[in-house]
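> coordinates only, sequence not included:
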């Protein structure tokens, strides 16, 4: 009998750049095997991690969907906190992954904060991935696939597959995208942005019915809508999503979790 699920996802932040008591900015924790993976590090991530029972020193990977502050705003603080109060608490190497331009982005952070956010060389790896469709690699016993998202030049969506074959897809911010349809095809859990109501659609973001349309084509086992602006709290999100999608569905809230055996 297994003692742990093959893969588990916890929504750490279901919100946006708009301050909210109930929704932190964007972040998802994925746990598979010995790996604890952060998808984005928006403001509030570290507090939500503690509330989820995970210390920052346990995180093995940070995967950034793009560089906007509501997705990366706590990265410098996260690295700074990994050095203090005891610089010997991190035992595992931390890999931070981003799309095109990430090395320059990280170099700019070092230019601002210097040694404050620099971990010893054997404890930090920086990985810049190209924006290429269906880049697939094996990392520390889990499979990582990426695809360009329709938001920023560096934007990537991620698919993480555990040793048992269960998969979680995270869209990051995106507009309607054929790449995302392909990446999310047959996923067990599809965590998809749905920033604003249908009637308030803006470029670079999805609405409930558009997220539903992608899900209807990708056919995941479960669709979870996240990255919700306050306007979404004033509407029936499920009703809008059901215009295009009839499968299993959830509206993200902070600290909601999903386990796959």
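Done, it's in. No experiment lies behind these values; they were computed from the predicted model shown.
> Only C-alpha atoms from now on, for both contacts and neighbour counts.
Noted.
> Quick one: distance of whichever strand or helix holds residue 50 to the chain centre.
Here residue 50, judged by DSSP states H and E, is contained in helix 45-51. Taking Cα atoms, centre = their mean, to the nearest Å, one finds helix 45-51 lying 15 Å from the centre of the chain it belongs to.
> Mind checking the pLDDT average for that helix?
For helix 45-51, mean pLDDT is 98.
> which is the next helix or strand following it?
Immediately after helix 45-51, counting by DSSP H and E, sits strand 61-63.
> Paired strands for that next one, with orientation please.
strand 35-39 (parallel), strand 94-98 (parallel) (DSSP bridges).
> Need the winner for burial among those.
When these are scored by mean count of other Cα atoms under 10 Å, the highest mean neighbour count falls to strand 35-39 (a mean of 22).
> roughly how far out does it sit from the chain middle?
Chain-centre distance of strand 35-39: 9 Å, with Cα atoms, centre = their mean.
> average pLDDT across that strand?
Strand 35-39 comes out at a mean pLDDT of 97.
> now swap in stretch 161-168 and tell me
On average, stretch 161-168 scores 95.
> Check stretch 233-248 too.
Stretch 233-248 comes out at a mean pLDDT of 97.
> Okay, buried residues for it please.
237, 238, 240, 241, 242, 244, 245 (16 or more other Cα atoms under 10 Å).
> Likewise for stretch 18-34?
23, 24, 25, 26, 27, 28, 29, 30, 31, 32, 33.
> any idea which of those residues is closest to residue 151?
residue 26 (15.0 Å; Cα to Cα).
> That closest one touches residue 18, doesn't it?
No - contact criterion Cα atoms under 8 Å: residue 26 and residue 18 do not qualify, at 10.9 Å.
> that older thread, which neighbouring elements make contact with the helix holding residue 50?
strand 7-13 (3 or more Cα pairs under 8 Å, 6 or more residues apart in numbering; DSSP states H and E).
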